[in-house]
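*Asks:* Next one to model:
(2 chains)
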Protein chains: 2
Amino acid sequence: MSSEEPSAATSRDPQPVHARGAELRTDPLTGQQVIMAPGRSLRPHAFDPEAKGESAPAYVETCPLCPGNEHQTPPTILTLTRPGSQTWAVRVVSNLYPIVSAPGSKLENGEGPAPSAATGVHELVIETPEHNRDLPDRDAEEMRLLLEAFAQRLSHLEGRRATKHVVIFKNHGAEAGASLQHPHSQIAALDFVPLEVRRRVRAARRYLEANASCVVCDIVRHETEARTRIVRESDEFLVFAPYASLTAGQVLVVPRIHAPSFGTASRVQREDLGRVLPALLGRVRDAFAGPSYNLVLHTAPKRSRNDAALHWYWELTPRLTRTGGLELGTGLAINTMLPEDVAALLRP
Amino acid sequence: MSSEEPSAATSRDPQPVHARGAELRTDPLTGQQVIMAPGRSLRPHAFDPEAKGESAPAYVETCPLCPGNEHQTPPTILTLTRPGSQTWAVRVVSNLYPIVSAPGSKLENGEGPAPSAATGVHELVIETPEHNRDLPDRDAEEMRLLLEAFAQRLSHLEGRRATKHVVIFKNHGAEAGASLQHPHSQIAALDFVPLEVRRRVRAARRYLEANASCVVCDIVRHETEARTRIVRESDEFLVFAPYASLTAGQVLVVPRIHAPSFGTASRVQREDLGRVLPALLGRVRDAFAGPSYNLVLHTAPKRSRNDAALHWYWELTPRLTRTGGLELGTGLAINTMLPEDVAALLRP
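*Replies:* Take a look at the predicted model:
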């Protein structure tokens, strides 16, 4: 039912575009890190701006992720199938337009202070063969296979010697940075830990030292008592709009069991998550008229997989507003929707 | 030619919407600060999504910023007129939907750790009476009056006892967060220094201590030698795409004379800036097909106005791409356009 199939590549298979190596640069004024990934600007943009996902057809002949067009993507890395089915249910392939370069790629432009290649692996998870089958529409088995694919690839990519941090994320809709409509998510194995992630780890460690408890566990406790920002509760997860939501509509899905890495999630937790996520996304689709959104897994960097200060969770960010000059100039987030109001709107 | 006219307010004048006080919250997981400004979600959105600024008419009867509709905005704070003219050329009013609350506003929701009101002053600068007269189309006199308005308001707002930091910014187009099409910019006097601004100040001080020179002066020197990222040079300014541009198309406009605050810019500098900005924005309009953009003044926080480590500049950010889940999850910026390519594209 699950099989790794690095099918024999032929010269005609598309290969990731590494013509111009990705480079990690640091802004001397802010310390902020940027990946220069000029190859990514070559991505085709296959969005009909009029069409929402709901009204799209189940099959689009020109979609490179639809069945029958497998030759338009790089060779398959992982295929998961429904028991008894002949066709794939979830497929993982290399990302044709990677944000990071393959290790060893040459930088086109090495001038400037301390240039360094941004290396790693960037994979694409084709979540379903059906072009219009968005997350809220999935059944338990489809969700089980998707979360199984995430867990397998996380484990495999953390097994790469060079990997320092793995990010699993889904961009849904053009406003969320997606360039394809067919349901997909992405996995990036970075050969470095981004500065902001290191800051989060340090902040969690400081909190643990000062309070002898995990900051996320304490937030779950506080929100469970306050109740005003709870969106949904299940056996395994607390779903809530965070107190300091950086953008309108943000929601966290946090496991009640303390653990640093999604890689250790149990079968029971994954089954519960497979019910919680489609239900939550369904509410978001209804409440905000089918918005673009990002769904991001926050899991411990590889070397901190056993760090008691860390606690994995999923972060959902509907893209309801746009940032302006004040945010760019000051680093302040501006949120026009109180999380208390978001929770009231999204509760079942 | 220039007159402060806090014209007598009547009960029928619109007043800023403070029904729900703005609140500053800090994310315990990241330390990131967010202003909760629910009143701002009430803004009317007056964009014809089809219409680019270029093809809009010079006068729109329903536009609250067009002449004749002055009663639809709060009372005028500052009016500048062309010599010999009877009508205003630049008008400054209170922002009807402020990002910060008036000092003393009551918070609707005070629950949670260390809530604090986000107070200050938020003003709107109506840059021109003409609905479709975008920045690249302005003449020297119009630019002189606009920069004069910025300087006067910066000086006045820094004179407020509570002011800690003033941000001047322009959001052009819906993608850049603008809700009105009529050319306008905004001034926010914050009664606190945002964390990210404090970080920038500290980074600049550390650089000064380590290198005995200003980091911005050193960047100007380096870029002048490297030449690959220079967009435009004038007597008073170096215009370049920064080495670690966080987004595609970003450009800095940096005065050659070292000074922490825009408030000390000379008449000669402002006249030069009044030529440089429209020329630069004209190139950007042509090169990127009339994009939305943000233009932000980075000037020293009030208490650091004489800090030799700081150097004011304008930052231009065309909104060409959208951020996705990887950026949200890691704080990394992803830039698909090398600054070297941006500079080549934007050079006169």
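
*Asks:* Give the residue spans of the stretch 51-200 of chain A that score low on pLDDT.
*Replies:* Applying pLDDT under 70 to the stretch 51-200 of chain A flags the ranges A:51-54, A:105-115.

*Asks:* Which residue ranges of it form helices?
*Replies:* Ranges of helices in the stretch 51-200 of chain A, per DSSP state H, counting those that start in this stretch, are A:140-159, A:195-211.

*Asks:* just so I know, which of these lies nearest chain B?
*Replies:* Nearest to chain B among those is helix A:195-211; the distance by C-beta to the nearest C-beta comes to 2.4 Å. All C-beta atoms are positioned from the backbone trio N, CA, C, and that covers glycine.

*Asks:* is the helix or strand following that closest one up against chain B anywhere?
*Replies:* Once helix A:195-211 ends, the next helix or strand along the chain (criterion: DSSP states H and E) is helix A:215-226. Yes. Counting by C-beta under 8 Å from any C-beta of the partner chain, chain B has neighbours in helix A:215-226: A:Val215, A:Val216, A:Ile219, A:Ala226.

*Asks:* Can you get me a residue count around the third one?
*Replies:* If I follow you right, that is A:Ile219. 21 (other C-beta atoms under 10 Å in any protein chain shown).

*Asks:* Which residue, other than its chain neighbours, is closest to it?
*Replies:* Of all residues not flanking A:Ile219 in the chain, B:Pro28 sits nearest, at 6.8 Å (C-beta to C-beta, 6 or more residues apart in numbering or on different chains).

*Asks:* I'd assumed A:His222 was in contact with the one you found.
*Replies:* No. With contacts counted by C-beta atoms under 8 Å, B:Pro28 stays clear of A:His222, the gap being 9.7 Å.

*Asks:* Who has more neighbours out of those two?
*Replies:* Ranked by neighbour count (other C-beta under 10 Å), B:Pro28 and A:His222 place B:Pro28 first, with 19 against 15.

*Asks:* Chain neighbours aside, what residue packs nearest to the spatially most central residue of chain A?
*Replies:* With distances taken as C-alpha atoms, centre = their mean, the residue of chain A nearest its centroid is A:Phe169 (0.8 Å). Spatial nearest neighbour of A:Phe169, excluding adjacent residues (C-beta to C-beta, 6+ apart): B:Gly325 at 2.9 Å.

*Asks:* And the pLDDT at A:Val276?
*Replies:* Among the per-residue scores, A:Val276 shows a pLDDT of 98.

*Asks:* Contact partners for A:Pro14?
*Replies:* By C-beta atoms under 8 Å, 6 or more residues apart in numbering or on different chains, A:Pro14 lies in contact with A:Gln72, A:Thr73, A:Pro74, A:Leu96.

*Asks:* wait, is it part of a helix?
*Replies:* No. A:Pro14 is assigned coil when assessed by DSSP: H, G, I helix; E, B strand; the rest coil, not a helix.

*Asks:* so how far is A:Asn95 from it?
*Replies:* 11 Å (C-beta to C-beta, to the nearest Å).

*Asks:* I'd guessed the residue nearest to the centre of chain A sits against A:Thr299; true?
*Replies:* No. In this structure A:Phe169 lies outside contact range of A:Thr299 using C-beta under 8 Å: 11.1 Å.

*Asks:* Please work out which residue of the stretch 201-348 of chain A is closest to chain B.
*Replies:* Residue nearest to chain B within the stretch 201-348 of chain A: A:Gly331 (2.4 Å; C-beta to the nearest C-beta).

*Asks:* neighbours around that residue, how many?
*Replies:* Neighbours of A:Gly331 (other C-beta under 10 Å): 18.

*Asks:* next one: A:Val239
*Replies:* Per other C-beta under 10 Å, the neighbour tally for A:Val239 reads 26.

*Asks:* Surely it is in a strand?
*Replies:* Yes. Membership of A:Val239 in a strand is supported by three-state DSSP.

*Asks:* how about the nearest residue to it once chain neighbours are set aside, secondary structure?
*Replies:* With sequence-adjacent residues excluded and distances taken as C-beta to C-beta, 6+ apart, A:Val239 is closest to A:Arg232, at 4.0 Å. Secondary structure for A:Arg232, judged by three-state DSSP, is strand.

*Asks:* so who does A:Arg232 touch?
*Replies:* Shown in contact with A:Arg232 (C-beta under 8 Å, 6+ apart): A:Val239, A:Val276, A:Ala279, A:Leu280, A:Leu346, A:Arg347, A:Pro348.

*Asks:* same thing but 10 Å
*Replies:* Taking C-beta atoms under 10 Å, 6 or more residues apart in numbering or on different chains as the contact definition, A:Arg232 lies against A:238-240, A:251, A:253, A:276, A:279-280, A:283, A:343, A:346-348.

*Asks:* For the residue nearest to A:Ile219, give its distance to B:Leu281.
*Replies:* Taking C-beta to C-beta, one finds B:Pro28 at 40 Å from B:Leu281.

*Asks:* My guess is A:Leu346 contacts A:Ala248. True?
*Replies:* No. Judged on C-beta atoms under 10 Å, A:Leu346 makes no contact with A:Ala248 at a distance of 11.9 Å.

*Asks:* A:Ser55 - how many residues pack around it?
*Replies:* 10.

*Asks:* ok, and the closest non-adjacent residue to it?
*Replies:* In space, A:Ser55 is closest to A:Asn132, 7.8 Å off (C-beta to C-beta, 6+ apart).

*Asks:* Find the residues that touch each one of A:Pro14 and A:Asn95.
*Replies:* Residues touching both A:Pro14 and A:Asn95 (C-beta under 10 Å, 6+ apart): A:Thr73, A:Pro74.

*Asks:* Would you mind listing the buried residues in stretch A:305-314?
*Replies:* Neighbour-count burial for stretch A:305-314, with 16 or more other C-beta atoms under 10 Å in any protein chain shown as criterion, is recorded at A:Arg305, A:Asp307, A:Ala309, A:Leu310, A:His311, A:Trp312, A:Tyr313, A:Trp314.

*Asks:* Three-state assignment for the nearest residue to the fourth one once chain neighbours are set aside, please.
*Replies:* Excluding the flanking residues, the one nearest A:Leu310 by C-beta to C-beta, 6+ apart is A:Pro260, at 3.9 Å. Secondary structure, three-state DSSP: A:Pro260 is coil.
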